[in-house]
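[1] need a structure here:
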Amino acid sequence: MLETIYERRSVRKYLDKPVDKKTVEEILKAGMYAPSAVNKQPWHFIVCDTREAVERVHKLHPYSTMLKTAPVCILVFGDTDLEFCPGFYITDCSAATENILLAAKALGLDTCWLGIYPHKDMQEAFSKEFNLPANVVPFAAIALGYGDEKKERPDRFDAGKIHYNKW
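    This is a model prediction of the structure:
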């Protein structure tokens, strides 16, 4: 498990190789096993698994060049009617997104997390494009596929950021 965490990288170039629906569903299942405040699970997902659907996301997100090659894009949304209290969908959807990233890596796929929240203009564009109800808020997009680049593991451990019992 720790190797999955350490080896996960943001990949921006993907092979022209489809990802089967059962694998995508397993990855989404892992996302739904994320912790959430009072177990409210205030998330929804749209799976874009056609070239046309992925291109719709690419056109809306200014930092999504990796979607030119990614065969799948998972959109993550927060449901404000389901969240424990205002703003909690953000932490809950973050946990679900991280589970998705790690599950994909554990299954031999690669990902790149593209933030939509807190960019209000982008959120409005996604809401309009995907005809979302008012209580469903765009949170993130995740490029998913078989990576066509290899990234080395950086050393990110920094003991200077650890404090015990006081600052």
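[2] For D155, give me the pLDDT.
    Per-residue confidence for D155 comes out at a pLDDT of 93.
[3] Secondary structure element for it, which one?
    Applying DSSP states H and E as the criterion places D155 outside every helix and strand.
[4] quick one, phi/psi of it?
    With angles defined as degrees, to the nearest 10, D155 sits at phi -90, psi 100.
[5] and what of the one 3 residues further on?
    Dihedral pair for D158: phi -140, psi 100, per degrees, to the nearest 10.
[6] ok, it - how many residues close by?
    Neighbourhood size, D158 [other CB atoms under 10 Å]: 7. For every residue, glycine as well, the C-beta is placed using N, CA and C.
[7] Need the per-residue pLDDT for it.
    The predicted local confidence for D158 is 97.
[8] Now do the phi/psi pair for K151.
    Here is the backbone geometry of K151 (degrees, to the nearest 10): phi -120, psi 140.
[9] and what of the one 10 residues further on?
    Note on K161: backbone dihedrals following degrees, to the nearest 10 are phi -100, psi 10.
[10] which residue ranges form the strands in the protein?
    The residue ranges that make up the strands of the chain, judged by DSSP state E, are 43-48, 72-79, 110-115, 136-145.
[11] Including distance to E3, could the ones you listed go into TSV?
    Listed next are the strands of the chain as TSV, based on distance: least, CB to CB, whole Å:
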stretch	distance to E3
strand 43-48	26
strand 72-79	23
strand 110-115	15
strand 136-145	20
